[in-house]
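> Please work out how this folds:
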Amino acid sequence: MPRSTHKSVARARMQYLGEPKAAALGSVPRDGSLGLDACSPEQRKLRALLALGLFNRAGFWQPHHGTAAWGIHTLVAYDIIVSPRFKSLVLITDVPHNVAPYLLPSSDGGSSLPGLRLEEFRGKRTYIARHMPTGAQLVITGNPSGTWGGKAHRSPRGDFFPVTKPLTGAEQTRLAEVPDMSEDAERLLAGLTCRIAAQDADGKWAIGNWFSDPLMRPGWLTDHGEDRYMKQLRGSGNRWSLQWNGFPFVEDVAASLTASPIGVSSASAHDAGDHHEVRLGSAILRLIGQRGSLKRKSGVTL
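Reported below is the predicted structural model:
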């Protein structure tokens, strides 16, 4: 790839994902795309699993079952820049020591992604983890550059399960409850994870970590009471549905998955009246959420 093209793609990643320059330059794939979805099959499976945890949160006073019981939905309340790479998913945050306990299983039995293990702790702010069922790497770093180096050190949390720890019975049960999904559906769900902080370079739409609108548009702060953060991502095979209260606007989520140049390749969005649909191959992801109060061009095919 010509150096000028490499820099152009990195610049686009910085604009759409908020990636720091060093991370963007090191994440450009060889195919000339932004690279959000150019990843190994193992990475795609990990990202789809993360989507099930991130986008399932029970309503007020409702019991947490299934993937909602993993407890990782709380992560959307943090400012996290997602830096997708071919063989790694990097989460850049200014509070890595707060984010890591929501993902890494430990002896306290709290929130976690089943099967994730700490491989090593680098420097003072980087957790390198391995998801044992898929073999995929997940990195949580507090380095503003989105890169890391230095020697391996003892983790500030000594009770995170290491890679030598076999899956517990509870983890095996939770993973066995995950519905089957087609490859196309897996790509769409993985795409949701990679775009939690995405924003249109021209300010037409924004996801805002599923928490607040960086564009400060009218209607984003509509009060849904205690159920404001309710989310349900359900389905199996080729048919999936994501329903949520509050921000982001449903048009924005559809645009993040389909608008050029950030969208999932070959995915298209359609307004079905009471919901939007994102289609990829034979897979359909129904999006049911709040519409924007103003009609805007979002890059969505209606």
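> chain center to the helix or strand that contains Arg174: distance?
Under DSSP states H and E, the secondary-structure element containing Arg174 is helix 169-176. Distance, stretch centre to chain centre, for helix 169-176: 22 Å (Cα atoms, centre = their mean, to the nearest Å).
> if I've got this straight, Gln232 is in a strand?
Yes - under DSSP: H, G, I helix; E, B strand; the rest coil, Gln232 falls within a strand.
> In this structure it contacts Arg286, no?
No - in this structure Gln232 lies outside contact range of Arg286 using Cβ atoms under 8 Å: 11.0 Å. In this view, the C-beta of every residue, glycine as well, is placed from N, C-alpha and C.
> Of all residues in the protein, which one is nearest the centre?
Nearest to the geometric centre of the chain sits Thr193, at 1.8 Å (Cα atoms, centre = their mean).
> re the thing from before, how about the helix holding Arg174, which residues are buried there?
Glu171, Arg174 (16 or more other Cβ atoms under 10 Å).
> Give me the packing partners of that helix, helices and strands only.
Here helix 169-176 touches no other helix or strand, going by 3 or more Cβ pairs under 8 Å, 6 or more residues apart in numbering; DSSP states H and E.
> what's the overlap in contacts for Gln232 and Arg286?
Ser241, Leu242, Gln243 (Cβ atoms under 8 Å, 6 or more residues apart in numbering).
> Tell me the backbone dihedrals of the last one, please.
Going back to what we said before, that points to Gln243. Per-residue torsions, Gln243: phi -120, psi 140 (degrees, to the nearest 10).
> With Val253 as the reference, measure out to it.
Distance, Gln243 to Val253, by Cβ to Cβ, to the nearest Å: 11 Å.
> Overlap in contacts, the two.
By Cβ under 8 Å, 6+ apart, the residues touching both Gln243 and Val253 are Gly289.
> in this protein, which spans are strands?
Taking DSSP state E to define them, one finds strands in the chain at 80-85, 88-93, 116-122, 126-131, 136-141, 152-153, 231-236, 239-244, 268-271, 276-280, 283-288.
> roughly how far is the shortest one from the heart of the chain?
Taking the mean of its C-alpha atoms, strand 152-153 sits 27 Å from the chain's own mean (Cα atoms, centre = their mean).
> List the contacts of Leu54.
Ile72, His73, Leu75, Val76, Leu192, Thr193, Ile196, Trp210, Lys231 are the contacts of Leu54 under Cβ under 8 Å, 6+ apart.
> redo that, cut-off 7 Å
Residues counted as contacts of Leu54 (Cβ atoms under 7 Å, 6 or more residues apart in numbering) are Ile72, His73, Leu75, Val76, Thr193.
> Which parts of the protein are helices?
For the chain, helices defined by DSSP state H occupy the ranges 3-17, 21-25, 41-54, 96-103, 169-176, 183-194, 250-258.
> of the ones you listed, which approaches Ile140 most closely?
helix 96-103 (5.0 Å; Cβ to Cβ).
> Could you list the buried residues of the closest one?
For helix 96-103, the neighbour count (16+ other Cβ under 10 Å) marks Pro96, Val99, Ala100, Pro101, Tyr102, Leu103 as buried.
> Now render those residues as a markdown table, adding pLDDT and distance to Gly53.
As requested, the buried residues of helix 96-103 are arranged in a markdown table below (pLDDT from 0 to 100; distance: Cβ to Cβ, whole Å):
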| residue | pLDDT | distance to Gly53 |
| --- | --- | --- |
| Pro96 | 97 | 18 |
| Val99 | 97 | 13 |
| Ala100 | 97 | 15 |
| Pro101 | 96 | 14 |
| Tyr102 | 96 | 9 |
| Leu103 | 98 | 9 |
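> excluding its backbone neighbours, what's nearest Arg11?
Distances taken as Cβ to Cβ, 6 or more residues apart in numbering place Ala24 nearest to Arg11, at 7.4 Å, with adjacent residues excluded.
> And Gly246, by the same measure?
Using Cβ to Cβ, 6+ apart, the closest residue to Gly246 is Arg228 (4.4 Å).
> and the gap between the one you found and Trp240?
According to Cβ to Cβ, Arg228 and Trp240 sit 23 Å apart.
> same deal with Lys21?
Taking Cβ to Cβ, one finds Lys21 at 35 Å from Trp240.
> ok, the two, which is more surrounded?
It is Trp240, of Lys21 and Trp240, that has more neighbours when counted by other Cβ atoms under 10 Å, with 25 against 14.
> Just grab the bridge partners of that one for me.
Taking DSSP bridges, one obtains Gly235, Leu285 as the residues bridged to Trp240.
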